[in-house]
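S.K.: take a look and give me a structure for this.
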Amino acid sequence: MNPFHFLAKINAQSIRYVERNFKFHKPLFMHKTVLLLLLSVASVLVNAQNVAYYFDQRDRFWVFEDGEHHQVEHLEVNNIQLGGDYLIYIDPLNQVCRFKNKKKEVLDIIPSERYFARRYFLLDASKSSIDLLFDDKRESITIALDVSYQVGDSILAYIDFDNFLKVYYHGEETEVSGASNAVTEYKVSDNSLAYLTDRDILYFYHNGTNEEIIDNLPARYDVGNNLLVYIDDFGTFMVYDDGYHEELEGYTPQSFKTGDNIMAYVDDQGNFKLYQSETVTELFPAAPKRYEIVDNTLMYIDDRNYLNVYYKGKNTTLLPYPPMQVKTQEGIVAYTDNNGYLHAFYEGKKMKISDLIVEKFDVQNRIIVYTVNNGENKVFFDGEHR
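M.R.: Reported below is the predicted structural model:
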């Protein structure tokens, strides 16, 4: 198995193991400590999101990677996509290129929009096959033409030439639905899959396990990371999480959105609620003006127009009025106040990013890129300017 796949698998499965088995076993402290140390190492190696890009005042293309700035192209580039520790783009010669580890690599001399950058791999569907690229290794997944597929950060689901639904996850290909159970619809999150069959059965695939959820056609469903939410044929709002079904509401919610082991929704009475770790919490007794979830981070503007973030079990008010602009990534909410100054909630801490009026800004992976003084670029990463 590719070392990358091995670390990713340790990270996902071990977190589950800790949550389920070490929660109440104090004598196993030493084992837990070793496991958490392993997790922290795996997280550093696998989840490094230290790449961003910007254009200078002469429209030259720069890449910020691991604390260093690299001028990559002198002329215009297009179709930039960010992966976990790399980015791809079409260069001035119309070549598909990848920048990773301080180097530019030409992937294809023919421009194509059928490359898709994800956190843990790069998908290439530009020719007659679907290939996944891991560092210097390329794996051909299927050679069928015009295959239906959906891709997340660590999962690829596709219906092959034999009309079977298959999943590629952590280096392994699995057939999840065959000819006797034809798939009519499917959705993926960053690491999970939900699908409906011609028998109106809803299935959920995650962490290598394929499970039948209900045998009646749901009114609606959505898949998050490691959880599935659905509205059954009676209008009941349900969640399937960690092997358990739970009724959240007896009536259909007004809206809901899923993320990484988290889900926010507005119930039928207009109350704004959050589901996480088998617990429902009311965040506000009125529907928000706006809300979005990116991975494990919820940003919302409540009924009073206050800007809020919910992150790792804690709700924090960021502004007592709506921001001029706001952008969200995992663990980060960047926003401008009424004076045009840039602030951020950065992995648990509120901070002011700029004492100058910001012209524009973006959040890319764990990096905030912004411009001041008629195009002067600034980069904020890991709590400091670089």
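S.K.: which strand residues bridge the spatially closest residue to residue 284 that is not a sequence neighbour?
M.R.: Once flanking residues are discounted, residue 284 sits nearest to residue 272: 4.4 Å by Cβ to Cβ, 6 or more residues apart in numbering. Backbone N, C-alpha and C define where each C-beta goes, glycine included. Using DSSP bridges, the beta-bridge partners of residue 272 come out as residue 266, residue 284.
S.K.: what about residue 272, how many residues nearby?
M.R.: Using other Cβ atoms under 10 Å, the number of residues around residue 272 comes to 23.
S.K.: what do you get for residue 100?
M.R.: By other Cβ under 10 Å, the residues close to residue 100 number 18.
S.K.: try residue 164
M.R.: 16.
S.K.: for the one 3 residues further on, same thing?
M.R.: Residues lying near residue 167 (other Cβ under 10 Å) number 24.
S.K.: swap in the one 3 residues further on?
M.R.: Residues near residue 170, counting by other Cβ under 10 Å, number 22.
S.K.: that one and residue 184: what is the separation?
M.R.: In this view, residue 170 and residue 184 are 27 Å apart by Cβ to Cβ, to the nearest Å.
S.K.: swap in residue 295?
M.R.: Note on residue 295: its distance to residue 184, by Cβ to Cβ, is 29 Å.
S.K.: between these two, which one's more packed in?
M.R.: residue 295 (18 against 11).
S.K.: quick test: name the residue nearest the centre of this protein.
M.R.: residue 295 (4.8 Å; Cα atoms, centre = their mean).
S.K.: and the pLDDT at the closest residue to that one other than its chain neighbours?
M.R.: Computed as Cβ to Cβ, 6+ apart, the closest residue to residue 295 that is not its neighbour in sequence is residue 330, at 3.7 Å. As predicted, residue 330 sits at a pLDDT of 96.
S.K.: would you agree residue 330 is in contact with residue 293?
M.R.: No: contact between residue 330 and residue 293 fails when scored by Cβ atoms under 8 Å: they sit 10.0 Å apart.
S.K.: quick one: which of these two has more around it?
M.R.: residue 293 (22 against 19).
S.K.: which residues does that one contact?
M.R.: 257, 258, 259, 262, 263, 264, 299 (Cβ atoms under 8 Å, 6 or more residues apart in numbering).
S.K.: switch the cut-off to 6 Å
M.R.: Going by Cβ atoms under 6 Å, 6 or more residues apart in numbering, residue 293 touches 257, 259.
S.K.: ok, then the element right after the host helix or strand of it?
M.R.: Using DSSP states H and E, residue 293 falls within strand 290-294. Using DSSP H and E, the next helix or strand after strand 290-294 towards the C-terminus is strand 297-301.
S.K.: what angle separates that following strand from strand 290-294?
M.R.: Strand 297-301 runs at 170 degrees relative to strand 290-294, counting by axes from the mean of the first three to the mean of the last three Cα atoms, to 10 degrees.
S.K.: contacts only, for the residue nearest to the centre of the chain.
M.R.: Taking Cβ under 6 Å, 6+ apart, we find residue 295 in contact with 259, 260, 330.
S.K.: among those, which one sits closest to residue 310?
M.R.: The closest of the contacts of residue 295 to residue 310 turns out to be residue 259 (Cβ to Cβ; 10.2 Å).
S.K.: beta-bridge partners for the closest residue to the closest one other than its chain neighbours, please?
M.R.: Leaving out its chain neighbours, the residue that sits closest to residue 259 by Cβ to Cβ, 6+ apart is residue 293, at 3.6 Å. Assessed by DSSP bridges, residue 293 has beta-bridge partners residue 298.
S.K.: can you check the pLDDT for residue 293?
M.R.: Residue 293 is assigned a pLDDT of 98 by the prediction.
S.K.: from here on, call the first residue 546.
M.R.: Yes, from this point I'll number from 546; that puts the last item at residue 838.
S.K.: that one and residue 824, how far apart?
M.R.: Residue 838 is 16 Å from residue 824, by Cβ to Cβ.
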